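Asker: Pasting the sequence and the predicted model now:
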Amino acid sequence: MFILGVETSCDETSAAVVEDGRRVLSNIVSSQIASHAPYGGVVPEIASRQHLLNLAPVVRRALDDAGVDPGDIGAVAVTRGPGLIGALLAGVSFAKAFAFARGLPLVGVDHIEGHIRACFLDGPPVPHPALALVVSGGHTSLFLSEAEGEYRLLGKTRDDAAGEAYDKLAKRLGLGYPGGPILDRLAQRGNAERHLFSLPHFSDGARLDFSFSGLKTQALRRIEAEAVTPVERGEDPFQREDVRDLAAGFQSAVVRALARAVERALETTPASSILLTGGVAANSALRKRFAALGEERGLPVFTPTIALSTDNAAMIAAAGWVALRRGDRDGPGLTADTGLRLGESGPRRSRRHR
Ligand code: KG4
Ligand code: ZN
């Protein structure tokens, strides 16, 4: 079955056509980064307006690129949360109109389940149980998926998401938005030994949770202690050894924190595969560390391509396929839900015809 996916939870307007939850026929992502960059982060009002403008052309291109007729689409899947309310509503309204005009089944999906399903696209089958780390600008969560479409939350961040910490540090260093990709490239040319950051310990004994605001604060303290000035407009950040070394130290700590949680989870949780996904899964050092971890443990590691790691609609179509098979169906009452919490509410009941 061909599923049309629609994603508008944050600052990318995306539409995709995916066959049977696995084969990507098209995946169009219209990034709004240029509109938000002058403000150093996503401006919700601008995001909603841009989605409204972009949705129809992006969906048309997704259908054209896939070479499928709207009449060949079997169902519509749309992100219903979590995310920015105005941004989500733009996608949900569009998907409802498209589905009901054509008499197609509609299913609203969880953005985080989408990130996990990105690991199943265009690749070999993923063995379960799977340990899945979703690491993005808004989330850092570790799940156990014992069977297809079932998720249990094992740990999550108590403050900033990993991508958020990257973005805040980059902003302070004058590197623009989003900060992850540029800090990643700077880190590759820096000395990670110069700044050694310590990882958090939780007094309540939680071993699988994350915290990144402490790492960010350690980095900001180093900036003050060493009088690191922000990179000026027009200045080449790669010429700045102080910035490169700071990026390298920070990146090394983020990678250690993420890998530590997965290693700890593997001590007590039987897993047949490791999934690494979300925007920060595009990180070069993180991908290397997880590839090595998989080899050490003899477990296959599934990481989406970079285009499928960051926000995209192919992952939403893939999650929609799983949701439909689980029995989920939405009616005209479908609305956005910014408070969705994947894997936190016990066994899942299917949602039908609301
Ligand atoms: O999944 P995503 O596209 O959007 C959310 O759902 O948040 O993730 C975006 C985040 C941003 O914080 C961005 O800085 C980060 O992913 N990111 C990276 C890299 N590429 C994107 N972080 C570290 N290294 C990268 N190479
Ligand atoms: Zn995301």
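Answerer: Yes, it's here. Ligands and ions are numbered 1, 2, ... in the order given.
Asker: And the residue sitting nearest the centre point of the chain, how far from Ile116?
Answerer: When the chain is reduced to its mean C-alpha position, the closest residue under CA atoms, centre = their mean turns out to be Gly278, at 2.7 Å. From Gly278 across to Ile116, the span is 9 Å (CB to CB, to the nearest Å). Backbone N, C-alpha and C define where each C-beta goes, glycine included.
Asker: what do those two both touch?
Answerer: Common neighbours of Gly278 and Ile116 (criterion: CB atoms under 8 Å, 6 or more residues apart in numbering): Val134.
Asker: okay, now the residue in the stretch 101-250 of the chain positioned nearest to ligand 2: neighbour count?
Answerer: Among all residues of the stretch 101-250 of the chain, Ser136 sits closest to ligand 2, at 4.3 Å; criterion: CB to the ion. As a burial measure, Ser136 scores 25 neighbours (other CB atoms under 10 Å).
Asker: need the contact list for it.
Answerer: Under the criterion of CB under 8 Å, 6+ apart, the contact list for Ser136 reads His115, Ala161, Ala162, Gly163, Gly278, Gly279, Val280, Asp311.
Asker: So which of those residues are in helices?
Answerer: When those are checked against helices using DSSP state H, the ones located there are His115, Ala162, Gly163.
Asker: Which helix or which strand is home to Thr79?
Answerer: Taking DSSP states H and E as the criterion, Thr79 maps to strand 73-81.
Asker: Would you mark the buried spots in that strand?
Answerer: Ile73, Ala75, Val76, Ala77, Val78, Thr79, Arg80, Gly81 (16 or more other CB atoms under 10 Å).
Asker: burial measure for Gly5, as a count.
Answerer: Counted with other CB under 10 Å, residues neighbouring Gly5 total 34.
Asker: Do me a favour and average the pLDDT over the helix or strand that contains it.
Answerer: Counting by DSSP H and E, the element that carries Gly5 is strand 2-7. Model confidence over strand 2-7 averages 98 on the pLDDT scale.
Asker: For it, which helices and strands make contact with it?
Answerer: Strand 2-7 is packed against strand 12-19, helix 44-66, strand 73-81, helix 85-102, helix 314-326, with contacts defined by 3 or more CB pairs under 8 Å, 6 or more residues apart in numbering; DSSP states H and E.
Asker: which parts of the second one are buried?
Answerer: Within helix 44-66, the residues that qualify as buried are 46-52, 54-55, 58-59, 62-63, 66, counting by 16+ other CB under 10 Å.
Asker: and which of those is nearest to ligand 1?
Answerer: Ala47 (11.9 Å; CB to the nearest ligand atom).
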